[in-house]
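1. sequence and predicted structure are below.
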Amino acid sequence: MRVLPVLVVASATAIFSFSASAAEKHPPKNTDGAKPPVTRLVMPIMSSSRGMQLFIDKKCYVCHSVNGVGGTDAAALDAHDMDEYMNPFDLAAKMWKMATIMIPMQEEELGNQIEFTGDELADIVAFLHDDRQQHLLTKDMLPAN
Ligand code: HEC
């Protein structure tokens, strides 16, 4: 029983010396506590009106509807059927989960997988959670064919 505290101290020292040398190689940017920690993340400015245009341009409407406008091959994406407050990353997580169904269908119906940048996805997410903007989508805004 007397051995145990010695072992604990020895392993604690080992962990400390390891993290000290790791910190020398990769010093954190802010350590003074006065500034927020550096995470290298910025939230994009999300625009639901740009998102509405992307919903059309990227052809999401071919399979999904919003405000009764669009296809019925996949789930309707109306904001008023979703939870009141949502984590924007949940939508990307759902798309990822459904990717094995959605992507082959896009390749079949559109000829290729839809691609978008992070900023574009942010705008689409904004549109898909903005009930007021969604009610501005009308059938005559979709391409003719
Ligand atoms: C070619 C058809 C097709 C196109 C185009 C398409 N999807 Fe999908 N999508 C599907 C299918 C199929 C599913 C999985 C089944 C379902 O949700 O009905 C799906 C699932 C989703 C889901 C998850 C829905 C849920 O409740 O789990 C989201 C969100 C989604 N798509 C968003 C988009 C967005 C945004 C676009 C445009 C960038 C897009 N989809 C374009 C067919 C399509």
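-> In hand now; what should we look at?
2. and this protein, which residues reach the ligand?
-> Along the chain, the residues adjacent to the ligand under the rule C-beta under 6 Å from any ligand atom are 58-60, 62-64, 73-75, 77, 91, 94-95, 98, 101-102, 105-106, 109-110, 114, 124. Any C-beta I mention is one placed from the backbone N, CA and C, and that applies to glycine too.
3. now the buried members of those residues.
-> Among these, those classed as buried by neighbour count (16 or more other C-beta atoms under 10 Å) are 58-60, 62-64, 74, 77, 91, 102, 106, 124.
4. redo those as TSV? Include secondary structure and pLDDT.
-> Conversion of those to TSV gives the following (DSSP: H, G, I helix; E, B strand; the rest coil; pLDDT from 0 to 100):
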residue	secondary structure	pLDDT
Lys58	coil	97
Lys59	coil	97
Cys60	helix	97
Val62	helix	97
Cys63	coil	97
His64	coil	98
Ala74	coil	96
Leu77	coil	97
Leu91	helix	93
Met102	helix	95
Gln106	helix	96
Ile124	helix	98
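5. give me the contacts around stretch 122-134.
-> Applying C-beta atoms under 8 Å, 6 or more residues apart in numbering, the contact partners of stretch 122-134 are 44-52, 54-55, 58, 60, 66-67, 77-80, 82, 86, 88, 91-92, 116.
6. tell me which two of the buried ones among the residues of the chain next to the ligand sit farthest apart.
-> Taking C-beta to C-beta, the two most distant members of these are Val62 and Leu91; they sit 18.2 Å apart.
7. check the secondary structure at Met86 for me.
-> When classified by DSSP: H, G, I helix; E, B strand; the rest coil, Met86 comes out as coil.
8. show me what contacts it?
-> Here Met86 is in contact with His129 (C-beta under 8 Å, 6+ apart).
9. pick out the residue nearest the middle of the protein.
-> Phe89 (3.5 Å; C-alpha atoms, centre = their mean).
10. from the ligand, how far out is that residue?
-> Noted for Phe89: a distance of 12 Å to the ligand, by C-beta to the nearest ligand atom, to the nearest Å.
11. that's a helix at that residue, yeah?
-> Yes: applying three-state DSSP, one finds Phe89 inside a helix.
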